[in-house]
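**Q** Provided below for reference: sequence and predicted model.
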Amino acid sequence: MNAPGADKVKVVKQLARPEIVFAAARRTGTSVLYFGGSDFRVHAVDLGSDRPEPRELGAHSSYVTGLAVAGGSLVSGGYDGRLIWWDLSTGSQVRVVDAHAKWIRRVAASPDGQLIASVADDMVCRLWESTTGALHAELHGHDETTPHHFPSMLYAVAFSEDGKHLATGDKVGRVNLWSVEDGRAVARLTAPTFYTWDPVQRRHSIGGIRALAFSPDGSRLAIGGIGQIGNIDHLDSKPRIEVFDWRAGRRIGEVQGEGRGLVEHLVYHPRSEWLMGAGGYSDGFLLFCDPDATKALAQAKMPMYVHDVVLNDDHNGAVAVGHHKLATVIWST
């Protein structure tokens with residue numbers, strides 16, 4: 001398996017930030033990174049320059065939690081329930097859409113750049129035309145409350161590489177698979193290990209599916225989060241990745257990382273050489289495993305809790321963003 005060893009993963013550049021950075025995106029073929037987070041703002045920075053200086057494009061009225069590049073636009077989503085389109089050539093705001101009644105958790109662009117998917121705590125996934133901002137489809141299928149009658153959350157969304165399918169994942173460990181063409185539900189998976197109910201200490205639940213990624217051939221779906229939690233005050237469980245043959249509804253692999261923490265982002269190597277999860281607890285990690293998550297291959301420590309990762313064009317490095325830092329990482333096999 002052509003994956004880097006932990007000693008081969010090197011942080012080569014760090015850029016300190018005052019905010020927690022929740023989301024990042026990059027236009028293919030450029031060194032310009034777009035990012036947003038707890039300061040409510042969307043920024044752009046050229047990480048290829050000798051002295052990167054972030055510039056502000058504009059702001060939401062709450063946390064920025066999702067970013068996606070689609071064609072000539074950047075689309076940001078926030079806890080204010082809005083999606084904002086930004087022109088990549090000028091950095092100016094193009095349109096604002098009141099997209100959801102509750103917090104937006106994640107934004108994704110289809111591989112052809114024609115659609116934007118957004119998920120939020122109103123438990124709806126909405127698809128939007130990327131060029132016009134028009135609503136394309138609404139996907140309903142996640143319960144609004146947990147089995148213990150608390151509000152649920154819709155954390156994760158991902159397109160398949162061919163753009164034909166979409167996956168959405170919620171707090172209680174349920175994943176819905178959708179046909180993008182007609183909005184039809186085509187499969188449903190359950191991954192209950194990602195959900196912990198605590199009836200004693202706080203009478204609430206924790207965990208949930210925090211990340212999703214389709215394998216390059218579309219046959220597998222990777223799910224990321226955290227395992228069953230013992231002490232909810234300290235996220236006292238290991239990072240967890242499960243992989244499903246989603247058409248058969250069968251889990252084919254599971255990997256637990258070292259230490260404690262959440263997997264917040266998942267990405268496949270484009271030739272399925274590895275599957276990488278990123279996340280953290282008090283600090284951060286990059287966790288490499290085989291594409292079916294049958295074994296862990298390497299885990300590298302990061303200088304901060306990682307919320308999002310953007311691969312470079314050569315797939316031998318990435319920019320990781322998180323708590324008060326942007327970190328450029330490279331690796332060799």
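**A** Arrived safely.
**Q** Distance of the closest residue to residue 48 other than its chain neighbours relative to residue 223?
**A** Excluding the flanking residues, the one nearest residue 48 by C-beta to C-beta, 6 or more residues apart in numbering is residue 31, at 3.1 Å. All C-beta atoms are positioned from the backbone trio N, CA, C, and that covers glycine. As judged by C-beta to C-beta, to the nearest Å, residue 31 and residue 223 stand 31 Å apart.
**Q** Then residue 206?
**A** 16 Å.
**Q** The two - which one has more neighbours?
**A** Neighbour tally, residue 206 and residue 223, criterion other C-beta atoms under 10 Å: the higher count belongs to residue 223, 31 against 17.
**Q** Roughly how far does residue 184 sit from residue 72?
**A** For residue 184, the distance to residue 72 - C-beta to C-beta - is 30 Å.
**Q** So if I had to pick from these two, which one is more boxed in?
**A** When neighbours are counted by other C-beta under 10 Å, residue 72 comes out ahead of the other of residue 184 and residue 72, with 16 against 11.
**Q** residues in contact with that one?
**A** Residue 72 makes contact with 87-89, according to C-beta atoms under 8 Å, 6 or more residues apart in numbering.
**Q** related to what we said a few turns ago, for the residue nearest to residue 48, give its distance to residue 293.
**A** Using C-beta to C-beta, we find residue 31 at a distance of 31 Å from residue 293.
**Q** Now do stretch 208-224: distance to the chain's middle.
**A** 10 Å (C-alpha atoms, centre = their mean, to the nearest Å).
**Q** ok, so of the contacts of residue 72, who is nearest residue 310?
**A** Of all these, the one with the least separation from residue 310 (C-beta to C-beta) is residue 88, at 14.9 Å.
**Q** Need the outlier residue of this protein, farthest from its centre.
**A** Here the chain reaches farthest from its C-alpha mean at residue 200, the gap being 30.9 Å by C-alpha atoms, centre = their mean.
**Q** That residue: what secondary structure?
**A** Following DSSP: H, G, I helix; E, B strand; the rest coil, we place residue 200 in the coil state.
**Q** Appreciated, that's everything.
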